[in-house]
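Colleague: Provided below are the primary sequence and the corresponding predicted coordinates.
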Amino acid sequence: MHENEDENEDATMTVVRLAEERDAAEIALIHRTSRTETMPYLPPSTRSHEQVTVWVRDVVMRQGPTWVAERGGRILGFAAVDGDLLAHLYLRPEVLRQGVGTLLLDEVKRHRPDGVSLYVFQQNTRARAFYQRHGFTVVATGDGSGNMEKLPDLTLRWSPEAVASPLQG
């Protein structure tokens, strides 16, 4: 953003920036709220907000870059990577389908131009459709034995070659 932009634009423009330690509590709240409201099939959380905040600050944010999408000073969602794995992408439920997830995913792709993988629960049809729209394909299926929720999952992968390949030939 430029310094001379109108203040009203600041309030309505969504920006993506690297998360800071001070964002951990808000990221934890988004993580917990999103999982509860958008994935009701998950087992109830047994961790307190404080425990999740510590996990975000001491684990998630130290594994690799974590970005937040922010509008008017309010964090709307976050994405975190660990190597070439998109480990987390969560939004406030009230901002779904407003382009916030796309902004975060574009930032991840920009920083992982060789490709990125992720895990998604098979039941999470909304997330699966989102990732499919953004060029991810299924590369493996799991029976849930590899995740703590014990729910069947999929491994998805995006790579620039896979996106470009249909145009070649």
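Modeller: Now that the structure is in, tell me what you want to look at. Residues are numbered from 1 along each chain as shown.

Colleague: now the nearest residue to residue 19 once chain neighbours are set aside, which residues is it bridged with?
Modeller: Leaving aside its chain neighbours, residue 19 sits nearest to residue 66 (4.1 Å; criterion: C-beta to C-beta, 6 or more residues apart in numbering). The C-beta positions use only the backbone N, C-alpha and C, and glycine is treated the same way. Judged by DSSP bridges, the bridge partners of residue 66 are residue 80.

Colleague: ok, now which ones touch residue 66?
Modeller: Applying C-beta atoms under 8 Å, 6 or more residues apart in numbering to residue 66 gives the contacts 18, 19, 27, 60, 78, 79, 80, 81, 88.

Colleague: Let me know whether residue 24 touches residue 68 as I believe.
Modeller: No. Residue 24 lies out of contact with residue 68 (C-beta atoms under 8 Å); the separation is 10.5 Å.

Colleague: Make sure I have this right: residue 102 is in a helix.
Modeller: Yes. Assigned with DSSP: H, G, I helix; E, B strand; the rest coil, residue 102 falls within a helix.

Colleague: what sits against it?
Modeller: Residue 102 sits next to residue 134 when contact means C-beta under 8 Å, 6+ apart.

Colleague: Now with 7 Å, please.
Modeller: For residue 102, the contact set (C-beta atoms under 7 Å, 6 or more residues apart in numbering) is empty.

Colleague: Quick check: what element follows the worst-scoring helix or strand of the chain on mean pLDDT along the chain?
Modeller: Lowest by mean pLDDT, DSSP states H and E among the helices and strands of the chain is helix 7-12, with a mean of 54. Remark: after helix 7-12, the chain's next helix or strand is strand 14-18, criterion DSSP states H and E.

Colleague: Show me the contact partners of that following strand.
Modeller: Residues outside strand 14-18 that contact it (C-beta under 7 Å, 6+ apart): 1, 65, 67, 68, 69, 70, 71, 76, 100, 103, 104, 107.

Colleague: Kindly reformat those as TSV containing distance to residue 51.
Modeller: Output for the contacts of strand 14-18, formatted as TSV (distance: C-beta to C-beta, whole Å):
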residue	distance to residue 51
1	35
65	23
67	23
68	20
69	24
70	24
71	28
76	23
100	26
103	29
104	24
107	27
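
Colleague: ok, of those, which one's closest to residue 155?
Modeller: Nearest to residue 155, judged by C-beta to C-beta, of the contacts of strand 14-18 is residue 104 at 19.6 Å.

Colleague: pretty sure the closest one is in contact with residue 80, am I right?
Modeller: No. Judged on C-beta atoms under 7 Å, residue 104 makes no contact with residue 80 at a distance of 9.7 Å.
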